[in-house]
Each structure stands twice: as structure tokens, then as C-alpha cells.
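**Student:** sequence and predicted structure are below.
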Amino acid sequence: MTKIKTFLARASRGATLAAALAAMGSTALAQTPPAPGASPRIDAIRKAGVLRVGVVNNPPWLVQNTSGDGEDWAGPSWMLGKEFAKLLGVKMMPVPVSHETKVPALVANQMDIMIGPLNQTAERAKIIDFVTFSSTGVCMFGRADNPKFTSAKTLDDFNKPEVTIAYFSGAGEEPLVRQQFPKAKLRGVANSGSVAPIEEVMAGRSDVAPLNRMLWPNISKKVKGLAAFPKENDCQDSKIFEIQSGMGVAKEQQVYLDWLRSVAQRMQPALTAEERRMTQNLK
């Protein structure tokens, strides 16, 4: 019996060591760029000595610093871009673009990667590839003293004739709200310059309205008496109307793309933490 126990203990230690070595090997592979000749894009980046990154102000992922102190950019996108450059042994070279030109500039080879980030849509996926590390989502918010809102346990609980849902007419949420809540009373209102129909809800004209999940932490501090659905983790894990988002690269660069994705996967915990930190400052 003693020999059996000794054998099992050694086997267990061996399995633990093997698992640890495998994890270390996986991390090392994630950090090591492809060898010369494996990726024309990486070879070109190394030869130039710079990683050309497309930039456009897009909080909380990529935020321009105009204070004159510190780095010119901040956010999880900038953090990940810096990691790519460090592992490749090159400097980052920002390439300013607009929201309208960021995809065309990427396709035209004016940058090596658009760190933006970009929402991953079916149309965009036809012409570029994505390195996703985040997502957009929606919080449904209402008055904390309104039982029509607070009694909801599932999203479908808002899809009732007695529930009034407000949204900004012409905003991106309008078709999603109409599709998700066909039985509810829908109330399209003009955008008065606010981030969501907050006045509609606070005045009691509507029971619930959608809001970008990343704006909720700041709004909940400014406007007292509101509650969010889902409430867990301050609504930051919401999957309502979710769209994956991340960086973009031109098509036909599989080795380069696979390496970028492996680095992003390893960095995910740090990127999520940085996104959360930047979210606290959104207005």
C-alpha cells in the first residue's frame, strides 16, 4: 500500500509539473513572434522598425491625452498595441484616422493594424479580420422605485404591453429595441443631447430605456434613483445587444493574425481591468 501511495504521489507531482511546463510553454509561444520568413507583414514591420497603428479617439478603449503630460494615448487598445510593438522589438507609430476612414485606410495598407477598436460586423468581416478583446453591450435602466422595472428577472419581462420602453429615434438601438420588445409600448423620443432618455424615465413617462453599458457607472453616480438590468458587476457583463469589438488587420495574413490573437488572449485579464478603469471616467 505504501508503494502505491508513493507511486501516486510521484505521478501527481509529475502531472502538476507537466501542466506547469505546458502553461509556461504556451505563454512563451504567445510572446514569441513568428520566425523571419513566416509572415511578410512581420518581416516588413521589423525592417521598418515601427508598428504603424491606426488611432482615433474612442473611449474607453483608446483615449487621446491632450494634457501634455504622459503618453499621447491611453486605454486597453493602447496597452495591447504597446505589447505588440515590444514583442516585435519596434516602436509604435500612430497613424491618425477618422471613424469614416479607419477601415479604408487599413485596407489601403496605410497601417499595420487598426487599434481603434472596431465593432465586428458582418459587413466589415468580409474585408478585414479581427482581434477581439472586448464588446459593446446595453444596460436597461429604470427608476429604482418602479416595480415594473425592479420586478424584472429576465429581459423578456420587459416585453409586455404594460411596460413602456423609451429610445432615441434614429439611434442604433431603435431597430434592436423594436425587434426585442414587440409587445411592449415603444416610445421614440428626440435626442436632447443626453446619452440616453434619462428624463423620460425619471419623469415616469417611460419605465425602461437602453444605455451603453460603459456609460452606466458614471450615470449611476450622477443621477440618483436609477437602477440597471442586469445589476451584477454594475451591469458591465451585460450581453444585451452585444457586439464583439477589437482591432482590425487586412485580410490574407493568417500567421500575423494568429500571433496577434494569441498575445491578446494572454493579455485579456489586464485589458479587461484597464477597460474597467477607463470606464469609470466616461461621461
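**Tutor:** Yep, it's here.

**Student:** below-threshold pLDDT in the protein: ranges please.
**Tutor:** Along the chain, the model assigns pLDDT under 70 to residues 1-30, 283.

**Student:** do that again at 80, thanks
**Tutor:** By pLDDT under 80, the low-scoring segments of the chain are 1-31, 192, 281-283.

**Student:** list of residues touching the helix or strand containing residue 166?
**Tutor:** Element membership of residue 166 [criterion: DSSP states H and E] is strand 164-168. Applying C-beta atoms under 8 Å, 6 or more residues apart in numbering, the external contacts of strand 164-168 come out as 158, 173-174, 177, 181, 184-191, 196-197, 200-201, 205-210. For the C-beta atoms, the positions are set from N, CA and C on the backbone; glycine is no exception.

**Student:** using PDB, write out every CA atom in it.
**Tutor:** The C-alpha trace of strand 164-168 is given here as PDB (Å, rounded to 0.1, in the frame of the first residue of the first chain):
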ATOM      1  CA  THR A 164     -43.200  51.500 -21.800                       C
ATOM      2  CA  ILE A 165     -39.700  51.500 -23.300                       C
ATOM      3  CA  ALA A 166     -38.100  54.700 -24.400                       C
ATOM      4  CA  TYR A 167     -35.300  55.100 -27.000                       C
ATOM      5  CA  PHE A 168     -33.800  57.800 -29.100                       C
END
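
**Student:** tell me the angle the next helix or strand after that strand makes with strand 164-168.
**Tutor:** Using DSSP H and E, the next helix or strand after strand 164-168 towards the C-terminus is helix 173-180. Orientation check (axes from the mean of the first three to the mean of the last three C-alpha atoms, to 10 degrees): helix 173-180 against strand 164-168 gives 150 degrees.

**Student:** what's helix 173-180 packed up against?
**Tutor:** strand 164-168, strand 185-189, strand 209-212 (3 or more C-beta pairs under 8 Å, 6 or more residues apart in numbering; DSSP states H and E).

**Student:** could you export the last one as CSV, CA atoms only?
**Tutor:** Listed next in CSV are the C-alpha coordinates belonging to strand 209-212 (Å, rounded to 0.1, in the frame of the first residue of the first chain):
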residue,chain,number,x,y,z
ALA,A,209,-34.6,52.6,-21.6
PRO,A,210,-31.3,51.3,-23.1
LEU,A,211,-27.9,52.7,-22.3
ASN,A,212,-24.4,51.8,-23.4
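
**Student:** helix or strand right after that strand?
**Tutor:** With secondary structure assigned by DSSP H and E, strand 209-212 is succeeded by helix 216-222.

**Student:** same question for the second one.
**Tutor:** Using DSSP H and E, the next helix or strand after strand 185-189 towards the C-terminus is helix 198-202.

**Student:** quick one: buried residues of that next one?
**Tutor:** 198, 200, 201 (16 or more other C-beta atoms under 10 Å).

**Student:** quick one: residues in contact with it.
**Tutor:** 141-143, 166, 187, 189, 192, 206-209, 219, 223, 225-226.

**Student:** distance from that helix to the middle of the chain?
**Tutor:** Helix 198-202 has its C-alpha centroid displaced from the chain centroid by 27 Å (C-alpha atoms, centre = their mean, to the nearest Å).

**Student:** swap in stretch 206-214?
**Tutor:** 19 Å.

**Student:** now swap in stretch 259-270 and tell me
**Tutor:** Counting by C-alpha atoms, centre = their mean, stretch 259-270 is centred 13 Å from the centre of its parent chain.

**Student:** only alpha carbons, please: show it as PDB.
**Tutor:** Output of stretch 259-270 as PDB, limited to C-alpha atoms (Å, rounded to 0.1, in the frame of the first residue of the first chain):
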ATOM      1  CA  TRP A 259       0.100  35.700 -33.400                       C
ATOM      2  CA  LEU A 260      -1.800  38.900 -32.600                       C
ATOM      3  CA  ARG A 261      -4.800  36.900 -31.300                       C
ATOM      4  CA  SER A 262      -2.500  34.800 -29.100                       C
ATOM      5  CA  VAL A 263      -1.000  37.900 -27.500                       C
ATOM      6  CA  ALA A 264      -4.400  39.400 -27.000                       C
ATOM      7  CA  GLN A 265      -5.700  36.200 -25.300                       C
ATOM      8  CA  ARG A 266      -2.800  36.200 -22.900                       C
ATOM      9  CA  MET A 267      -3.300  39.900 -22.100                       C
ATOM     10  CA  GLN A 268      -7.100  39.600 -21.700                       C
ATOM     11  CA  PRO A 269      -7.200  40.000 -17.800                       C
ATOM     12  CA  ALA A 270      -5.000  43.200 -18.000                       C
END
